[in-house]
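Q: For reference, the sequence and a predicted model appear below.
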Amino acid sequence: MNSLFIGECPEYCHDRGLCTVSGCQCAIGYSGLYCEKYVGIEPLPIWFNETFDDLPDAGINNGPNLNNWFRLSGNGHIRHVCDENINNNNNITENYLSGQALHFSAGCGCGNVEAITRELNISQATTISFAFHVTTEDNCVLTSSNVTVALEWTYDEGISWMRLITMYNQEHPQLFNITLPSTMKQVHKQRVIGGIRFRWTQIKHASNDLYWSIDNIRLE
Ligand SMILES: [Ca+2]
């Protein structure tokens, strides 16, 4: 009877997998009924390059590719980017987001609104870059309304998160390119197993009609 599944995930899958109706769906490198076993014979990936362009818009429960993502919360889904995102105030074409992107509803009322990567080996990387944009859902117009999203990292499976950047009022699509801090390098070097996870997490929002998207994420 020890393995009887009663609709919840004991130990929350040890924070190493998704809790589904059929039990824990373990992240790569973990196994067992509750993801309690580390079986990470594969080395962690050194590079991370996510364009979201080859993935179906299947909603949070069916995608995107869980090989890249540890967890998506808050109705994250794949969506075509707005055509308007290539025009900024100076009428300069800057195609920071393209094809499809990962899209979140700011006012979904669905708990944490965030995307967490799988664990990564950042020893060879120096920067993480990504495109970010806030829109309205229907017409994708540029908006100056308030959505605050942060990029953070963890070395201990999400017990503690360190802030890399906070994005306020990002009314125009923008490309961010962030140098990995030396503290991250030092912490990573000391780990025997496991790596670094990144998350884009919504801090606050001011309107239910706002949405934010990320695209073209590169660790290099
Ligand atoms: Ca894309």
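A: Good, I have the coordinates.
Q: Could I get the phi/psi values of Ser182?
A: phi -60, psi -30 (degrees, to the nearest 10).
Q: and it, what pLDDT?
A: The score at Ser182 is 95. That number is its pLDDT.
Q: Tell me which residues touch it, please.
A: Shown in contact with Ser182 (C-beta atoms under 8 Å, 6 or more residues apart in numbering): no residues. Heads up, the C-betas are built off the backbone N, CA and C, glycines and all.
Q: The helix or strand of the chain with the lowest mean pLDDT: partners in the sheet, and parallel or antiparallel?
A: Ranking every helix and strand in the chain by mean pLDDT, DSSP states H and E puts strand 37-38 at the bottom, with a mean of 79. Each strand that pairs with strand 37-38, with its direction, by DSSP bridges: strand 30-31 (antiparallel).
Q: Now find how far off-centre the strand it pairs with is within its chain.
A: Centroid displacement of strand 30-31 relative to its chain, using C-alpha atoms, centre = their mean, to the nearest Å, is 21 Å.
Q: Beyond the least confident helix or strand of the chain, next helix or strand please.
A: Sequence-wise, the next helix or strand downstream of strand 37-38 (DSSP states H and E) is strand 48-50.
Q: Next, count neighbours for Val39.
A: 12 (other C-beta atoms under 10 Å).
Q: Roughly how far does Ile203 sit from the ion?
A: 24 Å (C-beta to the ion, to the nearest Å).
Q: just Ala106 next, same as before
A: For Ala106, the distance to the ion - C-beta to the ion - is 20 Å.
Q: So what does that residue look like in phi/psi?
A: phi -70, psi -40.
Q: In contact with the residue nearest to Leu219 when sequence neighbours are not counted, which residues?
A: Spatially, and ignoring its direct neighbours in sequence, Leu219 is nearest to Phe48 (3.8 Å; C-beta to C-beta, 6 or more residues apart in numbering). Counting by C-beta under 8 Å, 6+ apart, Phe48 makes contact with 68, 117, 120, 128, 217-219.
Q: and the two most separated of the residues you listed?
A: Farthest-apart pair in the contacts of Phe48 is Asn68 and Ile128; separation 13.4 Å (C-beta to C-beta).
Q: Neighbour count for those two, which is higher?
A: Neighbour count, other C-beta under 10 Å: between Asn68 and Ile128, Ile128 has more, with 25 against 18.
Q: The more buried one against Ile178, yeah?
A: Yes - Ile128 is within contact range of Ile178, at 5.4 Å (criterion: C-beta atoms under 8 Å).
Q: and stretch 161-175, does that touch the ion?
A: No - for stretch 161-175 and the ion, the contact criterion (C-beta under 5 Å from the ion) is not met; the two come no nearer than 11.7 Å.
Q: Look at Arg197 and give its secondary structure.
A: Judged by DSSP: H, G, I helix; E, B strand; the rest coil, the three-state class of Arg197 is strand.
Q: Show me what it is bridged to.
A: Beta-bridge pairing of Arg197 under DSSP bridges involves Thr154.
Q: right, and it touches Ile122 too?
A: No - look at Arg197 against Ile122 with C-beta under 8 Å: they stay out of range, at 10.1 Å.
Q: Report how many residues lie close to Asp15.
A: 16.
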